[in-house]
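# build me a model from this:
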Amino acid sequence: MRWSKSWNGPFRPLYLAALSVLGLGAISATEANAATLNFEVAEYSSQTGPLFEKIAKDYEALHPDVKIDISVVPWDNVLQQLTTDLTANTPPDLAIIGTRWLYDFASQGVVEPLDGYFPESFKTSFIPTLMGPSIIDGKLMGLPVGSSARAMLVNMDLLNKVGAKPPQTWDQLYDVAKKVSTIPGAFGFGLQGKQIETDSYFYYILWSYGGDIFTKDGKSGLDSPEAIAAATFYKKLLDSHVTEPEPTDYSREDIFNLFKQGKLGMVFTFPMLVPQLQAEAPNLHYAVLPFPVAKQKATLAVTDSLVIFSASHQKKLAADFTKFMYQEKYRSQFDRNEGLLPVTTAVADEKYYSTEPMKGFVDGLSYAKFIPPVANWEQMADDTTQALQKIYLGQAAPTAALTQAAGQINTILSQK
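Predicted coordinates for the structure are as follows:
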């Protein structure tokens, strides 16, 4: 996914002049009278809840008859919680969700199209490329609320200790990982094999090898030669004992903790790890670099979306509060607190994002891909994860495991 041709650089559009006209305070006192807005906030860190509580109090101070009820839910529980709420017909008015769930929510009619709730001046304050994943069948179904691109973090102390340079190719990554693994208590490369985004860890190398999640004819790409070669490479790392032992016991947070402890030479991650390192491992010397390249550069871009649920009786209030909390002062603090890339052009223009370490993540946005917008994505991601786990555990060879997963995914794709 590339940036719009109307941009000069990754974050500066031609229509920057529209930023200041956000249409705040559009709701009347009568409409807001004695209203309660239920807002389910996905928890990015310990700072998420306090910031949204502050924004809610600021809004309530301007609208004394309004109550903003903030409910903070850990990310790993968000989908389950929303599914429970929807089943009981008690969804929140407003929520933060993974954009990868948006297609299913929109097709089920549980989220509200947003075009009529916001003026163009507000909608054009967002980075166009990051708005794209929230547009389904020509309708704006959500607003980007969080954004990231993935990159490789390298522990320079460990690499310098063995006289290695940061890798630029996958073969170089293997060689560097072997050298770092000779250091007692250190592992060359962190290979995630458990829980959320285990499949994403595979897409990085799949895309670099020239493969894709889906083929041009709409079938699964997991049984392609590129996918099998990519999985074989990961298995080679594991069999050569240059990763942490038993990757299927390690979630992304477990991998990140190893890196914070100075035990990993290389890890694939999102920018949210940066503020964690600054707080928890301030003396760790690291570099943010692109993923290794085989046939092409590759990385994943991810957005999270803010949605209004169709069952809400407070849609106008939800839209008005949304405009309020997207003010630059709140967005800047949120993005920096959480280590996210900006979704609005005003925040993106800050110098913070054109300098390291954040620049290393921003640079990947020029060639990043998004997860494809398809129905039943979570089931397909789970099938991919299970196939990878079988490979990592030695329960199946890459060809057999990925071929089986591709067949399962094709069955899902064939369902109407």
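# host element of Ser148?
Assigned by DSSP states H and E, Ser148 belongs to strand 143-149.
# repeat that for Gln192.
Applying DSSP H and E as the criterion places Gln192 outside every helix and strand.
# and it, how far from Tyr250?
Counting by C-beta to C-beta, to the nearest Å, the gap from Gln192 to Tyr250 is 6 Å. The way it works is simple: take the backbone N, C-alpha and C, and place the C-beta from them, glycine included.
# contact partners for Thr87?
Residues counted as contacts of Thr87 (C-beta atoms under 8 Å, 6 or more residues apart in numbering): none.
# against Gly221, how distant is it?
Distance of Thr87 to Gly221, given as C-beta to C-beta: 33 Å.
# still on that earlier bit, for the strand holding Ser148, the distance to its chain's centre please.
Taking C-alpha atoms, centre = their mean, to the nearest Å, one finds the center of strand 143-149 at 7 Å from the center of the full chain.
# show the subsequent helix or strand relative to it.
With DSSP H and E, the next secondary element past strand 143-149 is strand 151-155.
# given that following strand, what are its sheet partners and their directions?
strand 264-269 (antiparallel), strand 286-289 (antiparallel) (DSSP bridges).
# which outside residues touch that strand?
With C-beta under 8 Å, 6+ apart as the test, strand 151-155 has contacts from 166, 180, 259, 262, 264-269, 271, 273, 284-292, 299, 360-361, 364.
# what are the ranges of the helices in the stretch 101-250 of the chain?
102-107, 120-123, 128-131, 156-161, 170-180, 198-208, 225-239 (DSSP state H, counting those that start in this stretch).
# tell me the contacts of the residue nearest in space to the middle of the chain?
The centroid of the chain falls nearest to Val302 when counting by C-alpha atoms, centre = their mean (3.5 Å). When the contact criterion is C-beta under 8 Å, 6+ apart, the partners of Val302 are 99, 147-150, 270, 370-371.
# doesn't it belong to a helix?
No: secondary structure of Val302 (DSSP: H, G, I helix; E, B strand; the rest coil): strand, not part of a helix.
# the chain should start at 767 in everything you say after this.
Sure, I'll start counting at 767 from here, so that last one is Val1068.
# tell me the spacing between it and Met1146.
Counting by C-beta to C-beta, the gap from Val1068 to Met1146 is 16 Å.
# quick one: the nearest residue to Ile1175 once chain neighbours are set aside and Ser947, what's the gap?
Residue nearest to Ile1175 in three dimensions, not counting chain neighbours: Ser986, with 4.0 Å by C-beta to C-beta, 6 or more residues apart in numbering. Separation of Ser986 from Ser947 (C-beta to C-beta) stands at 34 Å.
# in terms of neighbours, single out the busier of those two.
More neighbours surround Ser986 than the other of Ser986 and Ser947, with 25 against 21 (other C-beta atoms under 10 Å).
# which strand residues bridge that one?
With DSSP bridges as the rule, Ser986 is bridged to Phe980.
# what are the phi and psi angles of Ser1006?
When read as degrees, to the nearest 10, the backbone of Ser1006 gives phi -90, psi 0.
# for stretch 1120-1133, give the mean pLDDT please.
Averaging pLDDT along stretch 1120-1133 gives 94.
# quick one: the residue lying closest to Ala1085 once chain neighbours are set aside from Ile1074, how far?
In space, and not counting its chain neighbours, Ala1085 is closest to Tyr883: 3.9 Å by C-beta to C-beta, 6+ apart. To Ile1074, Tyr883 is 7 Å away according to C-beta to C-beta.
# which residues do these two both contact?
By C-beta under 8 Å, 6+ apart, the residues touching both Tyr883 and Ile1074 are 1081, 1085.
# these two - which one has more neighbours?
It is Ile1074, of Tyr883 and Ile1074, that has more neighbours when counted by other C-beta under 10 Å, with 26 against 20.
# before we move on, what SS does the more buried one have?
Under three-state DSSP, Ile1074 falls in the strand class.
# got a list of what it touches?
Applying C-beta under 8 Å, 6+ apart, the residues near Ile1074 are 859-860, 877-878, 880, 883, 1081, 1084-1085, 1088.
# among those, which are in strands?
Judged by DSSP state E, the subset of the contacts of Ile1074 located in strands is Leu860.
# could you dump the contacts of Ile1074 into JSON lines and include pLDDT and distance to Lys1001?
Below are the contacts of Ile1074 laid out as JSON lines (pLDDT from 0 to 100; distance: C-beta to C-beta, whole Å):
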{"residue": "Asp859", "pLDDT": "98", "distance to Lys1001": "47"}
{"residue": "Leu860", "pLDDT": "98", "distance to Lys1001": "44"}
{"residue": "Val877", "pLDDT": "98", "distance to Lys1001": "40"}
{"residue": "Glu878", "pLDDT": "98", "distance to Lys1001": "45"}
{"residue": "Leu880", "pLDDT": "97", "distance to Lys1001": "44"}
{"residue": "Tyr883", "pLDDT": "97", "distance to Lys1001": "49"}
{"residue": "Lys1081", "pLDDT": "97", "distance to Lys1001": "50"}
{"residue": "Ala1084", "pLDDT": "98", "distance to Lys1001": "47"}
{"residue": "Ala1085", "pLDDT": "98", "distance to Lys1001": "49"}
{"residue": "Thr1088", "pLDDT": "98", "distance to Lys1001": "46"}
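# mind checking which of the contacts of Ile1074 are buried?
Neighbour-count burial (16 or more other C-beta atoms under 10 Å) applied to the contacts of Ile1074 gives 859-860, 877-878, 880, 883, 1081, 1084-1085, 1088.
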